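1. how would this look folded up:
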Amino acid sequence: MTELHYLSATDAIAQFRARELSPVDLIAAVIERRAAVDPELRAFTYTFDDQALAAAQAAEARYAAGTARALEGIPVAIKDLHQIAGYITTHGSLVFRDQRDETTLVTIQRLLDAGAIVVARSTASEFGCSNITQSRLWGVTRNPWNLAYTAGGSSGGAGAALAAGLTTLADGSDYGGSIRIPAACCGVVGYKPPHGRNPTDQGASLDPCSHFGPMARTVADAALMQNVMSGPGERDLATLPERVVLPERFDGIAGFRVAYSLDLGYVTLDPEVRAAMTATLELLAGLGCEVEPVELGWTGRVLEAFELHHAASDAAALWPLLPSQRDLLTDYVVAQIERGNAIAARELFATHEVRAEMYATLGPVLARCDLFVCPTTATPAVAADHAPGAELRIAGRSVPGHRGWVMTYPFNLLGALPVLSVPVARARNGVPIGVQVIARPYDDLRVFRGAAAIERARGLWFGDAAHQPCCPAPATRPTPSGRPG
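-> Model (predicted):
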């Protein structure tokens with residue numbers, strides 16, 4: 001790596017163990033980087049410089065004593081929707097701007113117990129209700145590759161921070177793509193584990209759409225972090241009894257059968273996303289894979305079913321805020337609660353039929369193929385201040401303004417599937433493009449093998465100046481065609 005703040009976790013740990021690098025130096029590097037670029041990005045809410053440096057000194061002592069843990073001394077950013085005892089978690093909302101937590105989520109506690117050092121809280125859309133990270137409390141989070149565009153959401157701060165070199169690892173949560181969307185937008189790696197692999201220990205833990213997972217700059221770092229976060233949790237009834245341990249290195253995929261769909265049957269694609277997918281398929285064929293297109297028969301009913309499910313879930317959690325706190329909420333949260341309150345029980349339960357129909361066609365594909373791949377987002381050209389629900393055009397066509405540009409939520413409806421987003425290209429506006437790698441239910445290893453093979457073939461990002469954003473990146477505004485001006 002050309003700069004210390006872009007050092008991978010696996011490389012940093014190797015250097016710590018060899019006493020070639022101190023955790024103090026790494027923490028100092030990401031702090032210095034944040035001071036230089038985050039005022040324009042707005043990737044973080046609260047930061048903890050003194051605390052992080054003190055923890056780094058303790059980590060250095062552990063390496064000297066031979067007692068270092070799995071993530072000893074590695075900087076991590078924790079999403080501002082996730083509780084840490086003693087810390088303020090605002091949920092991106094004016095309502096909770098002063099709320100200090102009494103408990104720590106299990107996945108976060110595991111990161112802390114493994115020696116990771118919390119350097120900051122990463123921004124998120126209010127209550128995670130939007131795919132665009134903006135809130136009245138923290139403002140707009142911008143993409144480090146081009147400030148005019150969104151970093152995605154709801155874990156947008158995590159994606160932006162990783163891409164800009166403000167942290168080495170970040171955690172995320174994913175109900176409709178909130179890990180994978182910012183991973184794609186920012187050119188990093190994001191993993192939605194199969195539901196039950198990682199504890200959620202919140203009210204949504206029994207909802208198969210709900211997932212906590214790792215975000216990183218490399219597939220190996222995501223695996224390292226996933227190994228720490230995963231495993232059964234005593235407060236989460238849905239967690240699986242077995243624990244999958246991912247290896248440090250992944251075998252190739254020559255001989256794999258890879259199915260694909262460019263548009264899932266109903267999504268409008270930007271031509272640059274189509275081109276990036278086509279190039280990725282050619283890359284997979286060059287790796288010795290048998291690549292085949294499939295027709296799933298999916299339609300816009302998939303989006304309708306997810307919108308119903310998500311709105312009902314949000315309304316169940318947030319409706320008590322509406323009468324007394326309405327003036328403090330963003331418009332998109334108010335709209336989501338009202339939409340959810342209007343859903344009849346029969347409509348909600350009808351979404352299960354759609355999920356069954358979806359898997360009736362995808363299940364046989366996964367049974368005969370090793371992997372299924374498709375784009376993560378349908379366009380790389382969504383403005384940073386795009387209002388959820390406002391008109392959005394892709395390839396000259398009007399699409400649903402909230403989720404018409406993402407292709408992640410179907411795999412939340414099918415929550416047992418492991419899904420990893422890996423970057424494969426950059427659009428002419430500088431914004432990265434990602435591809436989702438999907439495998440059979442609970443087959444985490446196969447997804448990581450596929451993503452690692454793509455990563456090796458196209459080369460690591462962030463290892464040289466050509467694959468790093470020029471932060472603070474210039475804001476190249478979109479023209480009416482959606483192309484950079």
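
2. any weak-confidence spans in the stretch 151-300 of the chain?
-> Counting by pLDDT under 70, the stretch 151-300 of the chain has low-confidence residues at 202-205.

3. Please, where are all the strands along it?
-> 169-174, 189-192, 211-216, 257-260, 290-293 (DSSP state E, counting those that start in this stretch).

4. Please identify which of the ones you listed is closest to residue 107.
-> strand 211-216 (4.9 Å; C-beta to C-beta). To be clear about C-beta, it is placed using only N, CA and C from the backbone, and glycine gets the same treatment.

5. what lines up beside that closest one in the sheet?
-> strand 169-174 (antiparallel), strand 189-192 (antiparallel) (DSSP bridges).

6. out of these, deepest packed?
-> Scoring the strands paired with strand 211-216 by mean neighbour count under mean count of other C-beta atoms under 10 Å gives strand 189-192 as the most buried, with a mean of 32.

7. quick one: the helices in the protein?
-> 9-17, 23-41, 49-65, 106-113, 156-164, 180-186, 219-229, 271-286, 301-318, 321-325, 331-341, 345-368, 410-413, 444-458 (DSSP state H).

8. ok so, going back, the strands of the stretch 151-300 of the chain into JSON lines, with extra columns for distance to residue 462?
-> Converted to JSON lines, the strands of the stretch 151-300 of the chain look like this (distance: least, C-beta to C-beta, whole Å):
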{"stretch": "strand 169-174", "distance to residue 462": "13"}
{"stretch": "strand 189-192", "distance to residue 462": "11"}
{"stretch": "strand 211-216", "distance to residue 462": "11"}
{"stretch": "strand 257-260", "distance to residue 462": "26"}
{"stretch": "strand 290-293", "distance to residue 462": "28"}
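
9. Go through those and name the closest to residue 461.
-> That would be strand 189-192 among the strands of the stretch 151-300 of the chain, by C-beta to C-beta, at 9.4 Å.

10. now that closest one, how far from the chain's geometric center?
-> 5 Å (C-alpha atoms, centre = their mean, to the nearest Å).

11. okay, the helices of the chain in a markdown table with mean neighbour count and distance to residue 428 next?
-> A markdown table is the format used below for the helices of the chain (neighbours: other C-beta atoms under 10 Å; distance: least, C-beta to C-beta, whole Å):
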| stretch | mean neighbour count | distance to residue 428 |
| --- | --- | --- |
| helix 9-17 | 19 | 31 |
| helix 23-41 | 19 | 21 |
| helix 49-65 | 16 | 37 |
| helix 106-113 | 21 | 37 |
| helix 156-164 | 34 | 18 |
| helix 180-186 | 35 | 15 |
| helix 219-229 | 25 | 26 |
| helix 271-286 | 18 | 7 |
| helix 301-318 | 20 | 28 |
| helix 321-325 | 13 | 42 |
| helix 331-341 | 19 | 29 |
| helix 345-368 | 15 | 32 |
| helix 410-413 | 25 | 28 |
| helix 444-458 | 22 | 18 |
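
12. Can you add distance to residue 95 and give those helices back as TSV?
-> Output for the helices of the chain, formatted as TSV (distance: least, C-beta to C-beta, whole Å):
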stretch	distance to residue 95
helix 9-17	35
helix 23-41	24
helix 49-65	26
helix 106-113	22
helix 156-164	19
helix 180-186	23
helix 219-229	28
helix 271-286	36
helix 301-318	9
helix 321-325	5
helix 331-341	9
helix 345-368	26
helix 410-413	25
helix 444-458	36
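
13. Now do the contacts for residue 63.
-> The contact partners of residue 63, taken as C-beta atoms under 8 Å, 6 or more residues apart in numbering, are 16, 17, 19, 23, 72, 73.

14. what's the closest non-adjacent residue to the first one?
-> Distance criterion C-beta to C-beta, 6 or more residues apart in numbering; nearest residue to residue 16, sequence neighbours excluded, is residue 63 at 5.1 Å.
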